[in-house]
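A.B. asks: Turn this into a structure:
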Amino acid sequence: MYKLLLVSDRSEVNEAFSKIRSWEMLGYKPPHIRDSFEGAKESLDKHHADGICIALSSGEEENALLGYLRERFPLLPIFEAGTTEDEVRRYVSELSILLNRTHMDFSNDRFTEEELLQFCRHEFFRKVMNGQVTDKKLLLRQLRLMRSRLDPTRPCVIVQLAEPADNDRIEGKWSYGPDALERMLRQLCGTELNGLRIVPTVLQDGRIFLLNCPMTGYEEQSTGDSMTAMVTAHTAESIAHVREYTGLDLHISGINVAPDLTAICDFYSNYGKK
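C.D. replies: Next up is the predicted model:
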């Protein structure tokens with residue numbers, strides 16, 4: 001059974017949680033409930049938690065708790081606070097899907113919880129870039145649930161890469177396939193660049209994207225133009241490394257600036273499949 005911590009002083013949230021009569025049927029023990037930052041710290045010190053829900057009226061208290069979690073529990077999933085029984089069930093179900101993945105037994109493979117969480121992030125952003133995530137609220141929930149450090153409120157740059165039209169190695173002749181190519185691009189292109197996180201994604205149809213998104217905790221506010229210039233230069237260097245390492249002759253086939261991360265839900269549901 002997974003263990004939950006609800007940190008809430010909002011009556012509508014507490015009431016919605018109280019309507020769940022059988023937490024065991026959902027795969028959880030009844031949650032520990034606290035109503036303040038100090039109460040949450042006390043609970044986390046004494047009790048293990050597999051997921052935490054935060055619904056505090058005071059923004060100062062909530063920010064203090066989020067800062068504490070970043071410092072002490074950077075991998076603890078934060079799930080959404082529902083105000084109805086149906087919402088609570090939905091958000092707890094989303095948490096269950098993540099926990100079942102990060103607690104999966106891979107037998108001889110010894111992945112850390114951090115590595116498994118990172119795998120889940122990559123899987124999710126593969127769906128985003130493939131136009132499969134059109135619900136902006138879902139995107140925001142998943143970012144928080146998976147403890148992503150991407151800042152969804154600031155502009156981001158999406159670079160699309162391609163090979164020459166007469167080269168089909170990615171689609172079939174390059175024996176390693178899209179998954180291996182994505183792992184290689186993470187090593188050669190995926191990095192943190194002046195407050196930007198670069199997330200390479202290779203789809204099964206051969207399309208290649210580099211998502212360049214500002215990270216939380218960086219005060220510098222880059223403009224779309226300055227981000228594009230920085231990203232273009234970094235991508236050119238990365239392409240050279242890829243060519244040297246694999247022989248793949250990639251080039252930039254498109255660059256787009258989104259006003260924020262959630263705008264990708266609209267953009268790639270239309271553009272991404274063209």
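
A.B. asks: Which residue ranges of the chain form helices?
C.D. replies: With DSSP state H, the ranges of helices along the chain come out as 11-18, 37-46, 59-72, 85-102, 113-129, 136-145, 177-188, 224-246, 263-270.

A.B. asks: Tabulate those helices (CSV), appending distance to N194, mean pLDDT and mean neighbour count.
C.D. replies: (Glycine included, C-beta is placed from N, CA and C.) What follows is those, written out as CSV (distance: least, CB to CB, whole Å; pLDDT from 0 to 100; neighbours: other CB atoms under 10 Å):
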stretch, distance to N194, mean pLDDT, mean neighbour count
helix 11-18, 39, 97, 16
helix 37-46, 32, 96, 16
helix 59-72, 20, 95, 14
helix 85-102, 30, 96, 17
helix 113-129, 21, 92, 17
helix 136-145, 21, 96, 18
helix 177-188, 18, 86, 17
helix 224-246, 6, 88, 15
helix 263-270, 21, 74, 18
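
A.B. asks: Which of those sits closest to G27?
C.D. replies: G27 lies closest to helix 85-102 among the helices of the chain, at 5.7 Å (CB to CB).

A.B. asks: counting contacts, what elements does the closest one pack onto?
C.D. replies: Here helix 85-102 touches helix 11-18, strand 51-55, strand 78-79, helix 113-129, helix 136-145, going by 3 or more CB pairs under 8 Å, 6 or more residues apart in numbering; DSSP states H and E.

A.B. asks: Point out the one among the helices of the chain that comes closest to M25.
C.D. replies: Taking CB to CB as the criterion, M25 comes closest to helix 85-102 out of these, the separation being 10.3 Å.

A.B. asks: Between helix 11-18 and the closest one, find me the angle.
C.D. replies: If you take axes from the mean of the first three to the mean of the last three CA atoms, to 10 degrees, helix 85-102 sits at 60 degrees to helix 11-18.

A.B. asks: got a list of contacts for helix 85-102?
C.D. replies: Outside of helix 85-102, the residues within contact range by CB atoms under 8 Å, 6 or more residues apart in numbering are 2, 4, 16-17, 19-20, 26-28, 50-51, 53, 77, 79-82, 113, 116-117, 119-120, 141-142, 145-146.

A.B. asks: Good, we can wrap up now.
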